[in-house]
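> Build me a structure from this.
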Amino acid sequence: MKVLVDAYGGDNAPQEIVNGALLALYKYPDLQITLVGKEEPLKDLLAQKSYDKTRLNIINASEVIDCDDAPVNAIRTKRDSSIVVALDNLKTGEYAGLVSAGSTGAVLSGAVLKLGRLNNVSRPALAPLLPTKNGGRVMLIDSGANMDCKPINLCHFALMGSTFMKTMFGIETPRVALLSVGTEEAKGNQLVLDTFSQLKGLDINFVGNMEARDALSGQYDVIVADGFVGNVLLKGMEGALKNMMGVVKDALTSSLKTKIGALLIKKSLKTELKKYDYEQYGGAPLLGTKYLVFKSHGSSKAKQILASIEQIVEYTQKDLLNKIQQTMQNAVITEEQPKTEEPSQNNEPQEVKEEDKQQ
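The predicted model follows:
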């Protein structure tokens with residue numbers, strides 16, 4: 001199996017990206033990895049490492065897309081950037097998938113423009129897995145790829161998310177919920193109200209609306225939302241968990257008595273807190289494109305890059321892409337699909353121009 005890795009994407013590139021790729025080589029004896037980025041610096045970095053040189057290659061890319069770059073414009077103008085070169089190579093069909101910790105907007109926009117969508121998918125979606133209090137996981141789809149959605153988009157997110165959880169975790173009938181401001185059917189904005197009625201008609205286990213406070217409760221397997229609301233939920237939970245950890249740490253180190261207590265509960269506390277380690281999956285898949293793309297956290301270090309590569313390996317082994325395509329081909333949704341297909345990031349327009357499609 002061959003996997004592409006954007007060696008110059010992320011805050012800790014290229015050192016941590018390379019280290020993560022090498023960890024993956026050590027773990028999977030049959031895996032081949034191709035790093036995409038500035039060739040000479042990568043060679044210098046690898047010269048200091050011990051690894052199987054027959055299973056690691058480099059494709060040169062002289063440019064880097066930064067988070068400050070406008071995503072669509074950067075994809076169009078920085079054609080020798082690590083993200084663009086990696087996507088162009090992924091499209092050849094030689095590789096199982098691509099891992100990148102680079103600019104989220106550029107990865108999402110580039111994936112749609114360069115790779116295209118699966119048949120019957122109105123818009124691809126970013127779908128991270130979040131830890132639940134019972135030690136399980138729940139998928140949030142979409143978490144930021146599409147800021148403005150129509151009901152058909154959310155229906156497609158529900159179908160793809162349900163297929164993912166069934167394929168990857170063996171959940172026979174994943175519980176799919178629609179994120180809203182109340183559990184009642186009549187609660188929510190117009191998008192939620194219109195989507196609710198359509199989700200009831202799909203061949204999925206739709207369990208109704210859910211409130212944000214129950215996202216990590218373990219009562220659901222898939223949470224469906226538009227990218228704006230989903231991203232707000234994701235960032236809100238990350239911030240709340242971070243602040244909670246800080247409060248707990250301060251309380252346990254505030255005096256000699258609490259420090260002694262901390263020693264007594266340290267093991268149990270670490271076990272419980274590990275349940276909420278959202279970085280255990282390394283990032284999030286972009287579901288709905290013709291090839292597998294995994295967006296790692298921008299701050300990823302070697303451990304998270306390894307986890308990201310592991311996801312691509314597992315998706316390929318379980319034939320995830322074909323399973324999602326089969327689901328979407330069999331789905332019957334009567335509402336007309338929108339003509340727009342580009343994910344909205346950093347205020348970029350969602351319309352894909354013909355000149356962009358041809359590049």
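> okay, CA-based contacts and neighbour counts for the rest of this
Will do.
> Just give me the neighbour total for R55.
15 (other C-alpha atoms under 10 Å).
> ok, it - contacts?
Contacts for R55 (C-alpha atoms under 8 Å, 6 or more residues apart in numbering) come out as L25, L31, Q32, I33.
> Tell me where this protein has strands.
Counting by DSSP state E, one finds strands in the chain at the ranges 2-6, 32-37, 56-60, 97-100, 125-126, 129-131, 137-141, 175-180, 205-211, 222-224, 283-287, 292-296.
> and C67, which of these is closest to it?
With C-alpha to C-alpha as the measure, strand 97-100 is the member of the strands of the chain nearest C67 (13.0 Å).
> just to revisit the earlier point, can I get the strands of the chain in JSON lines including mean pLDDT, distance to P71 and mean neighbour count?
Shown next, in JSON lines, are the strands of the chain (pLDDT from 0 to 100; distance: least, C-alpha to C-alpha, whole Å; neighbours: other C-alpha atoms under 10 Å):
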{"stretch": "strand 2-6", "mean pLDDT": "98", "distance to P71": "16", "mean neighbour count": "25"}
{"stretch": "strand 32-37", "mean pLDDT": "98", "distance to P71": "18", "mean neighbour count": "24"}
{"stretch": "strand 56-60", "mean pLDDT": "98", "distance to P71": "21", "mean neighbour count": "18"}
{"stretch": "strand 97-100", "mean pLDDT": "98", "distance to P71": "14", "mean neighbour count": "28"}
{"stretch": "strand 125-126", "mean pLDDT": "97", "distance to P71": "16", "mean neighbour count": "29"}
{"stretch": "strand 129-131", "mean pLDDT": "93", "distance to P71": "24", "mean neighbour count": "23"}
{"stretch": "strand 137-141", "mean pLDDT": "96", "distance to P71": "21", "mean neighbour count": "27"}
{"stretch": "strand 175-180", "mean pLDDT": "98", "distance to P71": "28", "mean neighbour count": "24"}
{"stretch": "strand 205-211", "mean pLDDT": "98", "distance to P71": "32", "mean neighbour count": "19"}
{"stretch": "strand 222-224", "mean pLDDT": "98", "distance to P71": "25", "mean neighbour count": "29"}
{"stretch": "strand 283-287", "mean pLDDT": "95", "distance to P71": "16", "mean neighbour count": "25"}
{"stretch": "strand 292-296", "mean pLDDT": "97", "distance to P71": "15", "mean neighbour count": "27"}
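> mind checking which of those strands is nearest L241?
When these are compared by C-alpha to C-alpha, strand 129-131 sits nearest L241, at 11.6 Å.
> If anything else comes up later, I'll come back, but that's it for now.
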